[in-house]
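Undergrad: What follows is a predicted protein model with its sequence.
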Protein chains: 6
Amino acid sequence: MTHPISRYPVPELKDLPEDVRERMLQVQEKAGFIPNVFLTLAHRPDEFRAFVAYHDALLLRESGLSKGEKEMIIVATSGANRCLYCVVAHGAILRVYEKSPLLADQIATNYLKADITPRQKAMLGFSLKVCNDSANIVEADFDALKAYGFSEEDIWDIGAITALFGLSNRMANLVSMRPNDEFYLLGRVPRDKR
Amino acid sequence: MTHPISRYPVPELKDLPEDVRERMLQVQEKAGFIPNVFLTLAHRPDEFRAFVAYHDALLLRESGLSKGEKEMIIVATSGANRCLYCVVAHGAILRVYEKSPLLADQIATNYLKADITPRQKAMLGFSLKVCNDSANIVEADFDALKAYGFSEEDIWDIGAITALFGLSNRMANLVSMRPNDEFYLLGRVPRDKR
Amino acid sequence: MTHPISRYPVPELKDLPEDVRERMLQVQEKAGFIPNVFLTLAHRPDEFRAFVAYHDALLLRESGLSKGEKEMIIVATSGANRCLYCVVAHGAILRVYEKSPLLADQIATNYLKADITPRQKAMLGFSLKVCNDSANIVEADFDALKAYGFSEEDIWDIGAITALFGLSNRMANLVSMRPNDEFYLLGRVPRDKR
Amino acid sequence: MTHPISRYPVPELKDLPEDVRERMLQVQEKAGFIPNVFLTLAHRPDEFRAFVAYHDALLLRESGLSKGEKEMIIVATSGANRCLYCVVAHGAILRVYEKSPLLADQIATNYLKADITPRQKAMLGFSLKVCNDSANIVEADFDALKAYGFSEEDIWDIGAITALFGLSNRMANLVSMRPNDEFYLLGRVPRDKR
Amino acid sequence: MTHPISRYPVPELKDLPEDVRERMLQVQEKAGFIPNVFLTLAHRPDEFRAFVAYHDALLLRESGLSKGEKEMIIVATSGANRCLYCVVAHGAILRVYEKSPLLADQIATNYLKADITPRQKAMLGFSLKVCNDSANIVEADFDALKAYGFSEEDIWDIGAITALFGLSNRMANLVSMRPNDEFYLLGRVPRDKR
Amino acid sequence: MTHPISRYPVPELKDLPEDVRERMLQVQEKAGFIPNVFLTLAHRPDEFRAFVAYHDALLLRESGLSKGEKEMIIVATSGANRCLYCVVAHGAILRVYEKSPLLADQIATNYLKADITPRQKAMLGFSLKVCNDSANIVEADFDALKAYGFSEEDIWDIGAITALFGLSNRMANLVSMRPNDEFYLLGRVPRDKR
């Protein structure tokens, strides 16, 4: 009953364009394995490149949000979109960044019960509105975030990360993208115990 | 930022009625810790007793559903109800019963992408209809399950487990019931590695 | 076109365990008939006992809510869950307790138009949030009730009654539980006129 | 805690235009009282006249639907719109037409559990789609009704009655229109017993 | 792939009752063509007359709302109901009344982004609540409008226009009413340029 | 009451990186004006580049979908997301590609009433499922499209275009992106008449 990693053909590394393969090898070097999002989206190299570029533009950018907070947004909205790949893979990254084995499951299920600050709850509340009901965003929503010290640029970050992962949630659901088994345990136990 | 295990008073073991304490000690013996659902619901012993009795009546009962399948229902519907306690605690039990470290996260997020059989997907589809839209259950829903070999009694089990955990999901959300930290890792790594 | 009282087998009184039959005879003594919820749930005596115990723990308990207010919660949330049995049966009990022939239909349809106090409307608004969206309950919801004098224990009552009848609404929808004809008229006319 | 019959001014009979008063007196003659929908909508005589004309055009028209079936549509969709006035008033009319004391509560709560024919359930399923999701009506919806013998003209009747009472449900909710107390009991007991 | 103007028979002018034909000729005189809503609803002259009477009672009435504002309500709620006929036809009328080629598309899609006043946004927010959730209208909704200077009578107008076009949206969706091609361009270009 | 084109700073052409400015001048050359999506997203050049790359990868790609069909997907899903910018701007492009002045308003409002083929309706039905409920996509959804001749790669196109514009819909709603006035009329009148 094990599903394949995608319903679409998955290219072999050797058949990929040089730049796409290069990127994968970099990630593999760092993570120890190639996340399936890379392998499955590389079925179409141009879309792969655009996705990676968008990802890097938002996630590597200096911001009023910490790297962990950006992952919180991804996990919360991927939970709302019921995207297995992103909940599991970004849940792992969130645990690693925040050095918290509990946070990902909390935020994927119900951020209101998570061990986070009121400021972070406000951030996730806004991201879920962008995710589920962006048409009804009003000035009061911006004001609520500013009361917690978020700048207009921070709010762009929250909205744009939500929007980008709304895209990848839909792609992952479309292709039935399977998370690598490695992600499930990552960040749950001290490195030396694994 | 760590939440308490309940917004309501949590009784100490020594202050509990004998039968309630006894039950907790039994579970502690077996699991190594007392699940917070026991401690938090014991704030009201009569309701505690009724809940435990209902739980046992359904989960210990002989059934066309395996013990693992019953936990699948709890995890899927608790995910839909966004109940942190039940997703985490019953997710752990599901991993242990099914000896699968992946299944709980899959089913809590999106059972359609889980490593389960078509029969089990049909079972979870029905349980989510009982969870979200029980008023619109029709004969065709029963027929779809019977085509997979479920009996009328099995369907009662599916519906009743869904209904009971809909109750506990609401209680857990109401009191902000916190899952024991132990549950998060349970069933994810071989016992000797923990 | 008359439906049976349940799609599942309905036991005969004589075939029931002593304690279960005893309970039914008590109710019959008092009400003049055996409510179908007893007969239909007794198909599984253990679940029957647990349900009745839970019911008694909540409804017979001393509380900041009156007996009529507890029934208001049941009727309002059963209306939201579109559960015919509970709307009709508990609607009858509500009419009797409140000595009001109008209240049940008002509350089952739209509590905002009912002849109740602002405090009772706040109570029902909260119970509908527990019923429909318990994951999003926040501190402000508790504060709104406390402004009307509800204690934390009262709020547990509101939530727990909602949760328990959410369970029985789902069971009643699952088995197509039929309300006894007697309930429809109960409390609508002075006793001597019936 | 008794609400007035409308949040808007309610004209006195003597101040109404002749034709409007005439209509009310006719109804009063027949029913024994003036339904509040007449008194409250007469706040604006032109709209009153249009509403009554629309009502008569649809409800007095020869049709493949019986008079009782037309009331079933009104009760089911008014339940979905949570309109107290129409549920109670048309529930009464439905009981009288169908000589059934149970049918109105059944259909207002959940038509799938009502003592009606499969043909009538199909009719109400369609009317609820017109009520809640008219944009997604497709040819298959028409086909399903035709399989039960409904003609295109009958389907217009179902849709138009749903649409007209969607209008009056919204007006009743807007003005908090109060059903006459008389309606609650009408059709529940044999005439000689009241 | 061009759809007919209605799935129901469309009467010829010559076959219509005198008063119905007269009304059509008046409109044709003024607009240069007969809007399809007239031709399609005239399939049933009595309902046609009632609809037109209701329409005139509300739209020709002196009000605290301008003629343009009334059309804004129709366009916003018809957008929510996804009614092609009313979005296109009343969008055209709105452009003409407001002498704005942009307003109709803005309001049909998302009134919060339209070039209108805060007062008009409040009006449309209320009309969408009447459209989508009239059962939950509360005093605070009235208060919010009164803060912008709307009277109780103005609020009746907002609600009643919403309710009437909720009726015609459902009829148009039912019969697949086709907007006249002429409406699409009306009010978008200066008259002498067409 | 005219809104600015974005709530965020809009860069001047001269201040933009060479490649970004170059792209804008190309579009301006072709369209006669610079679409505001370029100006507003260029506030962050890296995200701009990624968005444009994604856009080109999908929309310039050879496909089993025509250029007009790709725009139909954008218009239908942007309507569902209530994104003013995309409904108006891509509505214009759709009219131009399909040489149809009516199609955009039809599809933005309700594709089921549009002058398109059954195959195109199936395509839009699927795109709306990806837009609104991607977690529940199942094999039967793919089968339904294949029955109309869509290949797996075509289905990826439908899903990916939906996903990308779900991203831009959210960004446009977030920044209150204003469509250029020119778009509203584009493709509605023969070129020589404008």
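TA: Noted; the coordinates are in hand.

Undergrad: For A:Leu25, grab the count of nearby residues.
TA: Neighbour count of A:Leu25, defined by other CB atoms under 10 Å in any protein chain shown: 12. (C-beta placed from N, C-alpha, C; glycine too.)

Undergrad: where does chain A come near chain B, residue by residue?
TA: Residues of chain A lying close to chain B by CB under 8 Å from any CB of the partner chain are A:1-3, A:79, A:82-84, A:87-88, A:91, A:101-102, A:105-106, A:108-110, A:113, A:115-117, A:173, A:176, A:178, A:181, A:184-185, A:188-189, A:193-194.

Undergrad: Could you turn the buried ones of those residues into a PyMOL selection?
TA: Filtering those down to the buried ones (16 or more other CB atoms under 10 Å in any protein chain shown) takes a single PyMOL command:
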select buried, chain A and resi 79+82+83+84+87+88+91+101+102+105+106+108+109+110+113+116+173+176+178+184+185+188
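
Undergrad: which non-adjacent residue is nearest the residue in chain A that chain D sits nearest to?
TA: Proximity of chain A to chain D (CB to the nearest CB) peaks at A:Ala135, 16.9 Å away. For A:Ala135, ignoring the flanking residues on the chain, the nearest one in space by CB to CB, 6 or more residues apart in numbering or on different chains is F:Arg82 at 3.6 Å.

Undergrad: Model confidence score at that neighbour, please.
TA: Here the pLDDT value assigned to F:Arg82 is 98.

Undergrad: which phi and psi does it have?
TA: When quoted as degrees, to the nearest 10, the phi and psi of F:Arg82 stand at phi 50, psi 50.

Undergrad: just checking, it touches A:Asp133?
TA: No: contact criterion CB atoms under 8 Å: F:Arg82 and A:Asp133 do not qualify, at 9.1 Å.

Undergrad: and whichever residue of chain A sits closest to chain C, helix, strand or coil?
TA: Residue nearest to chain C within chain A: A:Asn110 (5.1 Å; CB to the nearest CB). Secondary structure, DSSP: H, G, I helix; E, B strand; the rest coil: A:Asn110 is helix.

Undergrad: which residues does it contact?
TA: A:Asn110 makes contact with B:82-84, B:173, C:135, according to CB atoms under 8 Å, 6 or more residues apart in numbering or on different chains.

Undergrad: and the gap between the residue most central in space within chain A and A:Ile158?
TA: In chain A, the centroid-proximal residue (CA atoms, centre = their mean) is A:Ile74; its distance is 4.0 Å. Distance of A:Ile74 to A:Ile158, computed by CB to CB, to the nearest Å: 11 Å.

Undergrad: Close to chain C: what parts of chain A are there?
TA: Chain A has residues A:110, A:112 near chain C, with proximity defined as CB under 8 Å from any CB.

Undergrad: Next up, the contacts around the residue of chain A found nearest chain E.
TA: In chain A, no residue comes nearer to chain E than A:Ala135, which is 5.2 Å away by CB to the nearest CB. With contact taken as CB under 8 Å, 6+ apart, A:Ala135 is in contact with E:110, E:112, F:81-83, F:173.

Undergrad: In these, find the pair that's most separated.
TA: E:Leu112 and F:Asn81 (13.2 Å; CB to CB).

Undergrad: more crowded one of these two?
TA: Comparing E:Leu112 with F:Asn81 by other CB under 10 Å, the one with more neighbours is F:Asn81, at 24 against 20.

Undergrad: could you list every residue that touches that one?
TA: So F:Asn81 contacts A:134-135, F:131, F:165-166, F:169-170, F:173 (CB under 8 Å, 6+ apart).

Undergrad: List the ones among those residues that fall in strands.
TA: Using DSSP state E, no member of the contacts of F:Asn81 falls in strands.

Undergrad: Format the residues you listed as a markdown table; extra columns: pLDDT.
TA: Shown next, in a markdown table, are the contacts of F:Asn81 (pLDDT from 0 to 100):
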| residue | pLDDT |
| --- | --- |
| A:Ser134 | 98 |
| A:Ala135 | 98 |
| F:Cys131 | 98 |
| F:Phe165 | 98 |
| F:Gly166 | 98 |
| F:Asn169 | 98 |
| F:Arg170 | 98 |
| F:Asn173 | 98 |
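
Undergrad: most surrounded residue in those residues?
TA: Each of the contacts of F:Asn81 was scored for neighbours by other CB under 10 Å, and F:Asn169 scores highest at 29 neighbours.

Undergrad: quick one: the longest helix anywhere in chain A near chain E?
TA: Longest helix in chain A, counting residues (DSSP state H): helix A:152-175. No: Helix A:152-175 does not reach chain E (CB under 8 Å from any CB); its nearest approach is 15.3 Å.

Undergrad: Let me know whether that helix sits next to chain F.
TA: Yes: using CB under 8 Å from any CB, we find that helix A:152-175 touches chain F at A:152, A:155-156, A:159-160, A:162-164, A:166-171, A:173-175.

Undergrad: Quick check: ChimeraX command selecting the buried ones in the residues you listed.
TA: In ChimeraX syntax, the buried subset of these is picked out as below (16+ other CB under 10 Å):
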select /A:155,156,159,160,162,163,164,166,167,168,169,170,171,173,174,175
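
Undergrad: Please work out how many residues are found near the closest residue to A:Gly64 other than its chain neighbours.
TA: Nearest residue to A:Gly64, sequence neighbours excluded (CB to CB, 6+ apart): A:Asp154, at 3.9 Å. Residues within reach of A:Asp154, counting by other CB under 10 Å, total 18.

Undergrad: Contacts only, for A:Asp154.
TA: Contacts of A:Asp154 (CB under 8 Å, 6+ apart): A:63-65, A:145.

Undergrad: Equivalent analysis for A:Leu16, please.
TA: Applying CB under 8 Å, 6+ apart, the residues near A:Leu16 are A:24, A:42, A:45.

Undergrad: What pLDDT is listed against it?
TA: Note for A:Leu16: predicted pLDDT of 96.

Undergrad: Over to A:Gly159?
TA: 98.

Undergrad: Of the contacts of A:Leu16, which ones also sit close to chain F?
TA: Subset of the contacts of A:Leu16 in contact with chain F: empty, counting by CB under 8 Å from any CB.

Undergrad: which one of those residues has the most neighbours?
TA: A:Ala42 (25 neighbours).

Undergrad: was I right about that one contacting A:Phe48?
TA: Yes: if you go by CB under 8 Å, A:Ala42 and A:Phe48 touch, sitting 4.7 Å apart.

Undergrad: what residues are shared contacts of these two?
TA: Joint contacts of A:Ala42 and A:Phe48 (CB under 8 Å, 6+ apart) are A:Val20.

Undergrad: Quick check, A:Met24 in contact with A:Phe38.
TA: Yes: here A:Met24 reaches A:Phe38: they are 5.2 Å apart, a contact under CB under 8 Å.

Undergrad: for the helix or strand where A:Tyr184 lies, packing partners?
TA: Under the criterion of DSSP states H and E, A:Tyr184 resides in helix A:181-185. Helix A:181-185 sits against helix A:84-98, with contacts defined as 3 or more CB pairs under 8 Å, 6 or more residues apart in numbering or on different chains; DSSP states H and E.

Undergrad: Done for today, thanks.
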